[in-house]
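J.: Next input, structure requested:
(5 chains)
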Amino acid sequence: MIQFAGIALILIGIYGLMTTKHMIKLIIALNVMELGANIFIISIGFVAHGLAPIYTADLPNQAFSFVDPLPQAMVLTAIVIGFGVSALGLVVAQNIYKKHGTYDLSEIGGEE
Amino acid sequence: MTLMSFVYGFLAILGAFVFQTSLTGINRKVTARLQKRRGPKWYQQFIDIFKAFSKSSITHGWVYDFGAIMALGGIAATVIFIPVAGFQSFPGLDNIFVISYVLAVGMLGMAMSAAGSGNPWASIGVSRALTNMLAYDIPFMVIVFTLIYQHQTGSVSELAALQQGAGIWGWNAFQLPLGGLVAVIALFGMLGKKPFDSFIAPAEIASGPMVEYGGKQLGMMFTLHELMTFIEVSLILNLFFGGGETLWVYLLKYAVLYTFTNIVSGVMPRFKIDQAVTFFYKVPLGLALVQGLLVIFGGWGY
Amino acid sequence: MMTMIILFMIASILFAYVLSLKEPKWGAYATLIVSLAGLVGVSLLRGSVGETVSFYYLHFTVTTIGWYFSMILLTVYFTATFFHPFWMDQLIYPAAYNALFLLSLAGTVGLFFAQDLMTLFICWETAVWSSMLIVQQGKSRQAAWVYFVMSAIGSMATLFAILLTIFMSGTTMITDAFIYFMGSPALGGLVFGAFILSGLTKMGIFPFHVWLPLAHGSAPHTFSPVLSGGLVKMGAYIAYLSVAVFPAYQVFGDQLMLQGVPLPIYALMLLGGVSIVYGTLRAIQQDDAKRLLAYSSVANGGYILIGILMLDQMAFAGGLMHVLNHAVASAAAFLAMAAVAKRTGTTKMSELGGMIHRMPVTYVVYLIAIISMAGIPPMGGFVSKWLIFQGLSHRGLIFLATAAAFGSIGSYLYVFRPLSAVFLGQLAPKYEKIKEADPLMLIGMLLLTAMSLLLGIVPNVVLRTIAQIQIELGIDPIMIKGTITATQNGSVNMLSVFTVFGFGFLLILILFLVLPKSRRVGLMDTYTSAEFIHTPELLHYGHHFYAPFERLYEKWPSVLPLYQRLSLKLKEMGEWAETFFFHAEPNRAVFWMVLLVILITVGGAR
Amino acid sequence: MMGSIIWLIALPLLAAFVSVVAQTYQYGLLVVTLLMNLLVLFAAPQGLTIIGGYEPPFGISLLFDQYALIALLLIQVLLLLIIVLARPLAKNYTPVILVMLAGLNGMLLTNDLFNLFVMIEIVSIAAFILSTANGKLTHTFHYLILATVSGVFFLLGTVLVYAYTGILVVQGLMMRLASLPVALSLIPMMLLIFGMAVELKLVPVSSWAKNIYGQANLLTGPIFAAVLAPAFGFVFGRMMNEVIVLHSLTGYTLLVMAISTFVLGELAAYRQTDLLKTLAFSSIGQSGLAVMMFTLGAPWAGILLLINNALAKSILYGVATGVTAAYGNASMGVLKGVFYHHRLLGVAFSLASLSLVGIPLFLGFFAKVSAVMAIFSTGLIWVPVIILLTAIVEGAYVMRWLLQLWSPAFEGYLASKKELPQKRNVFSAQQILVVGVLAVILFTMGLMPQRFVDALQKTQPAMAQYEMVGQGEQQ
Amino acid sequence: MKKLVSLFLILVLAFFLTTALDQGLDFWHSPSQLDAFRMSNAFVQNDVLGEGGALVFGESKNLESGSANIVTSIVVDYRSFDTLGEITVLFLSALGVGLLMGSGVRTTLRSGFILKTAAKMVAPLMLLTGIYIFTHGHLTPGGGFPGGSMMATAFLLHYFGSDTVKSNLKPLKWIESTAGALYILLGLAGLFVAGSFLQNFLPTGTLGHLVSAGIIPLVYVLVGLKVGSEVSGIVADFSKTEVVS
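T.: A predicted model of the protein is given here:
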């Protein structure tokens, strides 16, 4: 069921991207969407009654099933990339705010 | 092409001039009678021309003279090309297009000379003359095309000969009645007869190609006019009225045709030049095209 | 030989450019020498028909028709170069002018010798853009632009046809490739229509003529002759290829035939007829002499197109010969106007007048040129028009014949305009001091005049080559016996015509000389029907010469606004696209993306 | 070892990390790195390079074939020339450019779908940062949002591909995907396509390009149009060839997107009165054309178009932004006749324009011809018609600009030197040299298309599987 | 209006997307085993090179990767190149933030007493935890990124708590740069020693030991340092304010 949460978050994010013109909100929507995507990715590796893919002393032999570790690794990368982009987006937004005094794109007027 | 050809050619020019000038004199009388006048003597036209030749004259520069010479020279040369009752000074040169384009040399010379006189009224006259030419020539050319298509020859003498032998109904004027009508209407335009005489406009209007002429140049223009009339009437005669089996039949037909145009024009009003264009493009061109289509697609005349 | 000519051209382009950078005048003389050398070189190729040469990816071969066309082009280019030295100071990029001039020369000559379709197109486009860049050095950028765009319409269509042909037939050889379409009239029709389009645009056939008056009218005066006399003839070559090399009559063999002409070809001929009429009417209206001559090129393009498309014994020969005649006459007329413009600075007829008294030789050049252009014997133009008329009346193509007749008579009207308004009439006092054109210019012009005259008196010199072309195409050649030119339905002996004409002229000259000598009076001393004239020079009649006639059609719509409207529509569409798709707003783009995603998902779910 | 292709990525990254602390030598590092990269490019053998010691499909590997070689060569050379051209501006952004270079090289070399995503993100972020150099941050923001959204799409697509096939290796992925049922492969393919659409400037999502390209400066203009655009084009070509299975639905959607990008882009360019905006829309249109080629399974033509466009645009943007900066405005009225003063720039600009339009004797012509020929073989005869009709529009606006830029004269009058604009200093001799070098490269390529095409022909084995629209369904 | 349309579109999309995905996803239906065709199977078994077998925690030696945490194996060994890209992204965004905020000056945020005191107490602990997390990244959940972030938090706490640090961020740059360069050099060392870039050229030891898994812990330390310094730098840059002149 977790994948539905992922899809729902992606769609919420897209809804936000389609409706708001506030820069911070846009970035939040983007983050929501990314979060949804990440959850969805994790869900791909889902195995019923699976365990975290870590060998520990509690699991001395192979009588277990790990969930898929690769999506988790990918999500790790995706999160960091998302962080980088958000940071950049925020700093751009902040600079625009400094210049125009508003976060609302419609008040700035994109066309020049 | 022998020396005799040139002699014959010279004689043809001379003969055409004498005949046409006499005919013009006679027709001046005819016109006068129409208007209930007595009219001048039949040789009055000769007197006018020779008087002009003998008078002192002015010139407006070399192109004024050159144009006049070119005009009369071109027209004179054209006369040589015209087959008269099957006789040609230079056989094989009577292609219809050659004749109608050599004629244009004379026209151009005249226009050049007139414009070269520097008189704006002369230029106005030239512009009218050329416009008039554009009007009457198109229907005429369409009919000529039809004739050439029908008979597969462009030679005027051959076209004339083809009509002979079947009596009066062999004439193209009756074989292709619409075409004949167009040709006759076009002849009015060519001759500058009423209702298409606004470019010459004798007597009433102070503008016309001739306005600046006097003396020998005027004489040359008169001569030119006579010769040109001869060419044009001969052309229609050869193409549509069977030419002439003998010289006398030819001259008779010629006289009748010319007098006929003169009489008709005597009772006609005058078109303005743009009216003339509109008229020619509406009626004769339409008739000519109809005739052409009937011949080409309808097989008329075969 | 061929290789040498190509290498020579490339080297000379660079040479002319470098030389012009140093001193523009030298570069101008270089173009003269180079084009003369090209003329001589190409004329030597007559004997080596069939020789092929490859140069990089370009492949050339010598053909009779190619030789014929290149000689025409080179003649025009060569004579135009006589004017170059006097125009260098009017140009802001003289070096570019000289180099591009030679480049366009190379392009056109290459076009005629092209062996494969790609070479053909490459040479074509080279000639187009190089000449476009020359035209822009004249009075109008707009004109150069319109020229390019119209050419682009044609050349893109041709490119399409060429590529489709190459793709379908698998060969690029001009002579082999088109044979493929013998079996497929539908595809053949598409290729034929697309291929000939560049020829139509170049010749200025009716709906595509708009560039011609603009470009010819405002190109540098030295280049207008080349445009009209030379480059336009490239279109004739394309028309030739698309009817003679492309087996058009066979491909359309099962189409509706009108007097032996298949409907598609007949439709094109009708376009030719329309351009004759349209060009004539518009030429009559013009006030600028160069624009007038440009419209006359439109009309004459119609004759050439009709003639070539007939592909028969007479009209085809006439069309090919008219290419030469019109090239010579038009170039001479434009050069004469250039000479006038050099002295007076204008080509507007209403501002000129009486030039004959200052520039008599130029006047004679112009006179001979227009006589030829109007098709009056004994100049070259007559023979070709006569052949076209004979061909048309032989087939019974009455509407085309009507158009041809109209154009022929109409040409008297418009060629007489500049003659009367520029050369005859009152001489304005401000031109009292001007001199005859420079001797070098006169040489160039008189060469063309001599050619016009020669072509009229002994047309068989050229018709022999044309007959050769006809034999190679497998159609009845035009019949030549001595000085007699004969067709199936008529013959003419131009030498006799000239002799008779000379005889008549001589006769009258004698008469004139015998009669008493005339007294010379001034131009202003004219009969005024009792009006008192204060400023006689204002009475020069040059404005709206055919006013009554012009009034009949002055309200007729022009074609250019249609193109302008099309251009505006395109801009509107661009604006529309900009608002919808290029609007700087993230929401909108995301919206579109979502819409497309939905489209695909829904489609996939279905 | 020293000739390993991995240097193309490692070296710029190393240089980037070092350059942060060694600010004095930043610019030198950049130049040296690019030169070294060129050396590596010639020394490295072609083939698969394994990273981390694990063979594909398990580890990440780099695929260095003729296709990659062409792309990489183009990018290294152009970037080198551009940073020399825009030296004062490039100095501020050296680390960014270095990282971007690493990302570009990685993007073109990588043989792993997820790694491709990472590299694309690196390049995108570098592009965001570079675009701030235009000084219009709202446009950067716009670009950032769109590119990130499409990045998420790409990521989801990648993950779905993994979910269905279990592997991520690019080479031969198409085989696996094609064997999947349509219902499965449709959505990941769609996501991958939309994941690239923003960077490819395809029509509904190309709005960012108008302003980013249209208000570019000497650095960003050439980099965006001549480095980033072809790089993404090449990546798309690789994707189309190795990964993306086109179903009729996605195929036609993509085709329609590409065609409308081309047509609408050129139409919008036609109405611009601002030189940079014109070039911006032209870039959009050209990108659509290249995408069209890759979509229709004619990578060869796509490559030629990309190369031609990259070379031409580097010159056009270089000159246009330089002239705009010097004369203060990119509008037609201001720039009228400027080439009178800057002949060499003008000649280079003209060459590039003529090549862009696809006029014979220049590279663009051969690109266009191969494009049309390739489309004929797909049987879609109407597509060349659209291409050629649009080419008329393209020619029209390019020529309008060319004429205006060359001629100082007013309409209806002969040019005279009095009407010339005041001469301003545009470029130093060194910069002019760079533009000249670019022009010479472009011109030479057009002169010897045969030689050039032969070189391209070697890409053929790698690009063997031409995929046509709808073919995925038949399998 | 716009919102309604958007909502409608989203709902349509949600419906069709779920149905479309529902059709073919196996994992949708809770598989009890990892799909056999997935390459992760090889990662889990350390079987990529074909020398894997039954892995036993604390006993298996000289495995190809050798990390008990498979995610770490993947992140730092099997797909280490991605991680290099990842830190590059972070580096890049730090650069970007720095560039855009370059015109600002250091914040003059006054730190209160509580913050000052708490920071002194908590920051070292957090730092220690962070170090622990990334050094044990190959054994336990965690790794360079969480560890680095934690270090950054600790640093920032210190940064806000102390007035002396605010003026000098240069060492951060150095750490960042050196760590990144070392990562690449480590990769290049792999290239020279073992033949391919980023190859695990050190002995991998026993599964589950602290000193095991070859270069993985080293890389994670570097990543941790780099992430820590970069994140700190980004946040510190954010707190700059505009010069008012």
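J.: what packs against whichever strand or helix holds B:Gly109?
T.: Assigned by DSSP states H and E, B:Gly109 belongs to helix B:96-116. The helices and strands touching helix B:96-116, judged by 3 or more C-beta pairs under 8 Å, 6 or more residues apart in numbering or on different chains; DSSP states H and E, are helix B:62-81, helix B:120-151, helix B:156-163, helix B:215-240, helix C:360-373, helix C:380-395, helix C:398-418, helix C:494-514. Yep, even glycine has a C-beta here, placed from its N, CA and C like the rest.
J.: C-alpha coordinates for it, CSV please?
T.: Presented in CSV, the C-alpha positions along helix B:96-116 are these (Å, rounded to 0.1, in the frame of the first residue of the first chain):
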residue,chain,number,x,y,z
ILE,B,96,1.5,36.9,-91.4
PHE,B,97,3.5,37.5,-88.2
VAL,B,98,6.4,39.0,-90.2
ILE,B,99,4.0,41.4,-91.9
SER,B,100,2.3,42.5,-88.7
TYR,B,101,5.5,42.9,-86.9
VAL,B,102,7.4,44.7,-89.6
LEU,B,103,4.4,47.0,-89.6
ALA,B,104,5.3,47.7,-86.0
VAL,B,105,8.7,49.1,-87.0
GLY,B,106,6.9,51.9,-88.8
MET,B,107,4.6,52.5,-85.9
LEU,B,108,7.5,52.6,-83.5
GLY,B,109,9.4,55.0,-85.8
MET,B,110,6.4,57.3,-85.9
ALA,B,111,5.9,57.2,-82.2
MET,B,112,9.6,57.9,-81.7
SER,B,113,9.6,60.7,-84.0
ALA,B,114,6.5,62.2,-82.5
ALA,B,115,7.8,61.9,-79.0
GLY,B,116,11.1,63.2,-80.1
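J.: chain center to that helix: distance?
T.: Taking the mean of its C-alpha atoms, helix B:96-116 sits 12 Å from the chain's own mean (C-alpha atoms, centre = their mean, to the nearest Å).
J.: Report the rounded mean pLDDT for that helix.
T.: Averaging pLDDT along helix B:96-116 gives 86.
J.: how far away is the closest residue to chain B within the stretch 351-475 of chain D from C:Thr483?
T.: In the stretch 351-475 of chain D, the residue that lies nearest chain B is D:Gly412 (28.5 Å; C-beta to the nearest C-beta). Remark: distance between D:Gly412 and C:Thr483 (C-beta to C-beta, to the nearest Å) = 49 Å.
J.: Comparing those two, which residue is more hemmed in?
T.: C:Thr483 (17 against 11; other C-beta atoms under 10 Å in any protein chain shown).
J.: Count the neighbours of the nearest residue to that one once chain neighbours are set aside for me.
T.: Excluding the flanking residues, the one nearest C:Thr483 by C-beta to C-beta, 6 or more residues apart in numbering or on different chains is C:Leu495, at 4.0 Å. Residues contacting C:Leu495 under the criterion other C-beta under 10 Å number 18.
J.: In this structure C:Leu495 contacts C:Phe501, no?
T.: No: in this structure C:Leu495 lies outside contact range of C:Phe501 using C-beta atoms under 8 Å: 10.6 Å.
J.: Now do the same contact list for C:Phe167.
T.: D:373, D:376-377 (C-beta atoms under 8 Å, 6 or more residues apart in numbering or on different chains).
J.: Repeat that for C:Leu74.
T.: C:Leu74 neighbours (C-beta under 8 Å, 6+ apart): C:35, C:38-39, C:42, C:105, C:109.
J.: Tell me, what's the model's pLDDT at it?
T.: So, for C:Leu74, pLDDT stands at 91.
J.: same check, this time on the one 5 residues further on
T.: On pLDDT, C:Thr79 comes in at 92.
J.: Pretty sure it sits against C:Ala336.
T.: No: with contact defined as C-beta under 8 Å, C:Thr79 does not count as touching C:Ala336 (11.5 Å).
J.: shared neighbours, these two?
T.: C:Met445.
J.: Next, give phi and psi for the residue of chain B found nearest chain A.
T.: Nearest residue of chain B to chain A (C-beta to the nearest C-beta) works out as B:Asp274 at 56.2 Å. Backbone torsions for B:Asp274, taken as degrees, to the nearest 10, come to phi -70, psi -30.
J.: Contact residues of chain C facing chain A?
T.: Taking C-beta under 8 Å from any C-beta of the partner chain, the part of chain C that reaches chain A is made up of C:583-587, C:590-591, C:594.
J.: Show me which of C:Thr79 and C:Ala336 is the more surrounded one.
T.: C:Ala336 (33 against 27).
J.: Could you check how far the more buried one is from D:Gln76?
T.: From C:Ala336 to D:Gln76 the distance is 59 Å (C-beta to C-beta).
J.: do the same with C:Gly474
T.: Distance from C:Gly474 to D:Gln76, by C-beta to C-beta: 59 Å.
J.: next SSE after the helix or strand hosting B:Leu14?
T.: Taking DSSP H and E as the definition, B:Leu14 sits inside helix B:3-34. Going down the chain from helix B:3-34, the next helix or strand is helix B:44-54, by DSSP H and E.
J.: related to what we said a few turns ago, model confidence at the residue of the stretch 351-475 of chain D closest to chain B, what's the number?
T.: With respect to pLDDT, D:Gly412 has a value of 75.
J.: Same check on the one 4 residues further on?
T.: pLDDT, D:Ser416: 72.
J.: Spit out the contact partners of it.
T.: Here D:Ser416 is in contact with C:92, D:409 (criterion: C-beta under 8 Å, 6+ apart).
J.: Now do the phi/psi pair for it.
T.: Torsion angles, degrees, to the nearest 10, at D:Ser416: phi -140, psi 160.
J.: wait, does the worst-scoring helix or strand of chain A on mean pLDDT contact chain E?
T.: Lowest by mean pLDDT, DSSP states H and E among the helices and strands of chain A is helix A:105-108, with a mean of 79. No: Helix A:105-108 does not reach chain E (C-beta under 8 Å from any C-beta); its nearest approach is 11.4 Å.
J.: hmm, who's touching that helix?
T.: A:21-23, A:26, A:96, A:100, A:102, C:585-586, D:138, D:141.
J.: and if you look at stretch B:273-285?
T.: Contact partners of stretch B:273-285, identified using C-beta under 8 Å, 6+ apart, comprise B:128, B:131-132, B:134-136, B:138-139, B:142, B:181-182, B:185-186, B:189, B:195-196, B:198-199, B:271, C:402, C:548-549, C:551-552.
J.: Same list, the residues of chain C next to chain A, but as TSV with secondary structure, distance to chain D and neighbour count please.
T.: Formatted as TSV, these follow (DSSP: H, G, I helix; E, B strand; the rest coil; distance: C-beta to the nearest C-beta, whole Å; neighbours: other C-beta atoms under 10 Å in any protein chain shown):
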residue	secondary structure	distance to chain D	neighbour count
C:His583	coil	6	15
C:Ala584	coil	5	24
C:Glu585	coil	7	15
C:Pro586	helix	4	28
C:Asn587	helix	9	20
C:Val590	helix	6	26
C:Phe591	helix	8	21
C:Val594	helix	10	23
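J.: Among these, which pair sits farthest apart?
T.: C:Ala584 and C:Val594 (18.3 Å; C-beta to C-beta).
J.: Separate out the buried members of the contacts of helix A:105-108.
T.: A:21-23, A:26, A:96, C:586, D:138, D:141 (16 or more other C-beta atoms under 10 Å in any protein chain shown).
J.: Make JSON lines out of those residues and add distance to chain B and secondary structure.
T.: Converted to JSON lines, these look like this (distance: C-beta to the nearest C-beta, whole Å; DSSP: H, G, I helix; E, B strand; the rest coil):
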{"residue": "A:Lys21", "distance to chain B": "67", "secondary structure": "coil"}
{"residue": "A:His22", "distance to chain B": "73", "secondary structure": "strand"}
{"residue": "A:Met23", "distance to chain B": "73", "secondary structure": "helix"}
{"residue": "A:Leu26", "distance to chain B": "72", "secondary structure": "helix"}
{"residue": "A:Ile96", "distance to chain B": "71", "secondary structure": "helix"}
{"residue": "C:Pro586", "distance to chain B": "65", "secondary structure": "helix"}
{"residue": "D:Thr138", "distance to chain B": "66", "secondary structure": "helix"}
{"residue": "D:Phe141", "distance to chain B": "69", "secondary structure": "helix"}
